[in-house]
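In: What follows is a predicted structure for the sequence shown.
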Amino acid sequence: LVIVLRNLKDVLASLHFFNGEPKDGWLGNEHGPGSFARFIDPDSPNAYGSSLARLASAPTAMRLEKKKGPAFVHGTPNSWGDAHMRPEELEDLWHLFNLISRGDHLRAKTLRKVSKQSSTGTVSSQRVLMLLEIEVQSVDFDPEGGEMRVGGVTVSEHDGMSLGSHHTLELELQREFNLHKKCWDARHLEVLAQATGGAVARADVAAVLIEHGRCNVCLISGGLTVVRAKLEVHIPKKGAATVMQGAAKSTEKFYGQVLRAVLEHVDFAKVKAVLLAGPGFVKEQWWEWAKAEASKKRDHAEHKALLHSVPQWVLCHASSAYKHALKEVLGAPEVAARLSDTKAAAEVVALRRFFEMMADEPDRTTYGLKEVLRARDQGAIDKLLLADSLFRAQHVKRRQQYVELAEAVRDGGGAVHIFSSFHASGEQLAQLSGVAALLRFPMPLLSDDPGDSSSDDEEAREGVEALRVEGGSGGKRAEPAHILMPS
């Protein structure tokens, strides 16, 4: 819309001044820094590329339409504020899942069945579109279905509906809503800045987990791992000649289904890497078949894009084709090297470093809230690892304790990594109570305080209840048997 309505000369000048010097060094002529031919050419030879393509591929972020209150006007944490937002992408809903808490007020348009009784006693009901405000009691998020449901009690009056009645608001993409918080703490403001401040809502890693007769196609972004396609086909492994002939046809059909799923759900122009993983040699066989099939149909744009993406593919081993195998795939050093510039890389590298340090220098690692707080008090924390589910704790004081811990580590020059519970790395961290740290210097294990032995168990249960984590002991020496150590 901007390109169509603005003066073309201004647009060409903007390309020059905002995007810098073209790679070929062409800085314009006597008519200005641009030319109409270069502007409309879909394969423009300059550094800017096609202007229309640039506009279409521009990164999106959740729209923050309005904001008011001391939390935003004066930038004062732990004060009230209203934020009027509109989610644009799936990852925006994930940010909202981490932002909306019990006790907040949420206002959005919704359909509600309203019953009315006439003067004759006849009762009629109809679904009415209304602007409804609720006090939040529960938040549910389904990343694979792209749905978010917020339940609570109504605090605004409407005809045919009483105050305090229960209602569930469904937050959807492109639908505006208003969120009121009595207390926007530092973590809330950080999440809001991440959601509205840039290109956070785009998956930049894809994973194809494949084995004999089974495949999962996943998209991985900074906060989400979403399974986009699940394929299961029965393929006989042995039998008579006729059976094996049928198995060959089933394999060919299965390979075709996997290829169609990849072409449908993976945008090769956006992802920086595609991980092809699985046990045995099925991944290599499918990959050779897919390249040959794409070469036959290279006239089709989607098959041509697959051939151009060959350098982005990384083949690696996985124990299975299920989603949980991603934690071993992402933990492999050769994969981590290829993902160094992606959104999910920092957390994966930090967790792998924690496990390596736990094995080599256990006195420079600690986990469990009590032990981590002791390390903070001594200024020993170099990197703090926290599960995002800890910030969704219903207990306000306990949540504030995690916020203050993160702020103290940052103020002391340390790094803070927040792990998504929808990532394989976040699930691993949750098995260590959801809070761990790498230390600047060794700290011998301190003796437990009397009567405080169950405190960390309580923290873990309340902080990572969504993942059903058990335990969370303050001790730090024994390596958990169920943690998958990277090779």
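Out: Ah, there it is.
In: what stretches of the protein score poorly on pLDDT?
Out: 1-62, 75, 160, 197-203, 222-223, 340-344, 394, 396, 445-487 (pLDDT under 70).
In: does the residue in it sticking out farthest from the centre sit in a helix or strand, and which one?
Out: Computed with Cα atoms, centre = their mean, the residue of the chain farthest from its C-alpha average is Thr120, at 55.2 Å. For Thr120, there is no helix or strand it lies in under DSSP states H and E.
In: For Ser295, give its distance to His180.
Out: With distances taken as Cβ to Cβ, to the nearest Å, Ser295 is found 57 Å from His180. In this view, the C-beta of every residue, glycine as well, is placed from N, C-alpha and C.
In: which strands and helices sit next to the strand ranked longest in the chain?
Out: Determined from DSSP state E, the single longest strand within the chain is strand 123-142. Contacting strand 123-142 under the criterion 3 or more Cβ pairs under 8 Å, 6 or more residues apart in numbering; DSSP states H and E are the following elements: helix 90-99, strand 105-117, strand 147-154, strand 166-171.
In: quick check: angle from that strand to helix 90-99?
Out: If you take axes from the mean of the first three to the mean of the last three Cα atoms, to 10 degrees, strand 123-142 sits at 90 degrees to helix 90-99.
In: and the angle for strand 123-142 with strand 147-154?
Out: Using the same axes, to 10 degrees: strand 123-142 against strand 147-154 is 130 degrees.
In: quick one: strands adjacent to strand 123-142?
Out: Strand 123-142 sits in its sheet next to strand 105-117 (antiparallel), strand 147-154 (antiparallel), going by DSSP bridges.
In: For those, please prepare a markdown table with the additional fields distance to Gln431 and mean neighbour count.
Out: What follows is the strands paired with strand 123-142, written out as a markdown table (distance: least, Cβ to Cβ, whole Å; neighbours: other Cβ atoms under 10 Å):
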| stretch | distance to Gln431 | mean neighbour count |
| --- | --- | --- |
| strand 105-117 | 32 | 15 |
| strand 147-154 | 26 | 18 |
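In: thinking again about what came up before, between the helices and strands packed on strand 123-142, which one is nearest to Cys316?
Out: Minimum separation from Cys316 across the helices and strands packed on strand 123-142 (Cβ to Cβ) falls at helix 90-99, 25.0 Å.
In: could you give the angle of that closest one to strand 166-171?
Out: Going by the same axes, to 10 degrees, helix 90-99 makes 140 degrees with strand 166-171.
In: in helix 90-99, what's buried?
Out: For helix 90-99, a neighbour-count test (16 or more other Cβ atoms under 10 Å) marks 90-99 as buried.
In: swap in stretch 309-318?
Out: 309, 312-314, 316, 318.
In: Go through those and flag which are in strands.
Out: Reading strands off those with DSSP E, I get 313-314, 316.
In: Looking at those residues, which is nearest Ala71?
Out: Val314 (42.9 Å).
In: Isn't that closest one up against Ala273?
Out: Yes: with contact defined as Cβ atoms under 8 Å, Val314 counts as touching Ala273 (5.9 Å).
In: any residues in contact with both of the two?
Out: Here Val314 and Ala273 have Arg338 as joint contacts, going by Cβ atoms under 8 Å, 6 or more residues apart in numbering.
In: can you give me how far the longest strand of the chain is from the chain middle?
Out: 27 Å (Cα atoms, centre = their mean, to the nearest Å).
In: how about it: buried residues?
Out: 132-134, 136, 139, 141.
In: ok, back up a step: now the residue farthest from the centre of the chain. Its backbone dihedrals?
Out: Dihedral pair for Thr120: phi -90, psi 0, per degrees, to the nearest 10.
In: any idea how far it is from Met161?
Out: Taking Cβ to Cβ, one finds Thr120 at 22 Å from Met161.
In: show me the contacts for Ser156.
Out: Residues 107, 131-133, 163 are the ones in contact with Ser156 under the rule Cβ under 8 Å, 6+ apart.
In: Using PDB, list the CA coordinates for the host helix or strand of Ala359.
Out: Using DSSP H and E, Ala359 sits within helix 345-360. The C-alpha coordinates for helix 345-360 follow below in PDB (Å, rounded to 0.1, in the frame of the first residue of the first chain):
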ATOM      1  CA  ALA A 345      20.700 -21.500  19.400                       C
ATOM      2  CA  ALA A 346      21.600 -19.600  22.600                       C
ATOM      3  CA  GLU A 347      19.500 -21.700  24.900                       C
ATOM      4  CA  VAL A 348      20.700 -25.000  23.300                       C
ATOM      5  CA  VAL A 349      24.300 -24.000  23.600                       C
ATOM      6  CA  ALA A 350      23.900 -22.800  27.200                       C
ATOM      7  CA  LEU A 351      22.300 -26.000  28.300                       C
ATOM      8  CA  ARG A 352      24.900 -28.200  26.500                       C
ATOM      9  CA  ARG A 353      27.600 -26.100  28.200                       C
ATOM     10  CA  PHE A 354      25.900 -26.700  31.600                       C
ATOM     11  CA  PHE A 355      25.900 -30.500  31.100                       C
ATOM     12  CA  GLU A 356      29.500 -30.400  30.000                       C
ATOM     13  CA  MET A 357      30.500 -28.400  33.000                       C
ATOM     14  CA  MET A 358      28.500 -30.700  35.300                       C
ATOM     15  CA  ALA A 359      30.500 -33.600  34.100                       C
ATOM     16  CA  ASP A 360      34.000 -31.900  34.100                       C
END
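In: who does it touch, helix- and strand-wise?
Out: helix 326-331, helix 333-338, strand 365-367, strand 381-387, strand 415-419, helix 424-430, strand 435-439.
In: Show me what it is in contact with.
Out: 330-331, 333, 336, 339-340, 364-365, 383, 385, 415, 417-420, 423, 425-426, 428-429, 436, 438, 479, 483, 485-486.
In: Check stretch 298-306 too.
Out: 262-263, 268-269, 290-291, 293-294, 297, 307.
In: if we can go back for a sec, take the buried residues of strand 123-142 and write them to JSON lines, including distance to Ala240.
Out: Shown next, in JSON lines, are the buried residues of strand 123-142 (distance: Cβ to Cβ, whole Å):
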{"residue": "Leu132", "distance to Ala240": "65"}
{"residue": "Glu133", "distance to Ala240": "68"}
{"residue": "Ile134", "distance to Ala240": "64"}
{"residue": "Val136", "distance to Ala240": "62"}
{"residue": "Val139", "distance to Ala240": "55"}
{"residue": "Phe141", "distance to Ala240": "50"}
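In: Among those, which one sits closest to Trp184?
Out: Out of these, the member with the shortest distance to Trp184 (by Cβ to Cβ) is Val136, at 14.6 Å.
In: When Ser295 and His180 are compared, which one has more neighbours?
Out: Neighbour totals were compared for Ser295 and His180, and His180 leads with 19 against 12 (other Cβ atoms under 10 Å).
In: hang on, the earlier thing: and the helices and strands packed on helix 345-360: which comes nearest Trp80?
Out: When those are ranked by proximity to Trp80 (Cβ to Cβ), strand 415-419 comes first, at 23.9 Å.
In: how far off helix 90-99 does that closest one point, in degrees?
Out: Using the same axes, to 10 degrees: strand 415-419 against helix 90-99 is 110 degrees.
In: Who are the packing partners of strand 415-419?
Out: Partner elements for strand 415-419 (3+ Cβ pairs under 8 Å, 6+ apart): helix 345-360, strand 381-387, helix 396-411, helix 424-430.
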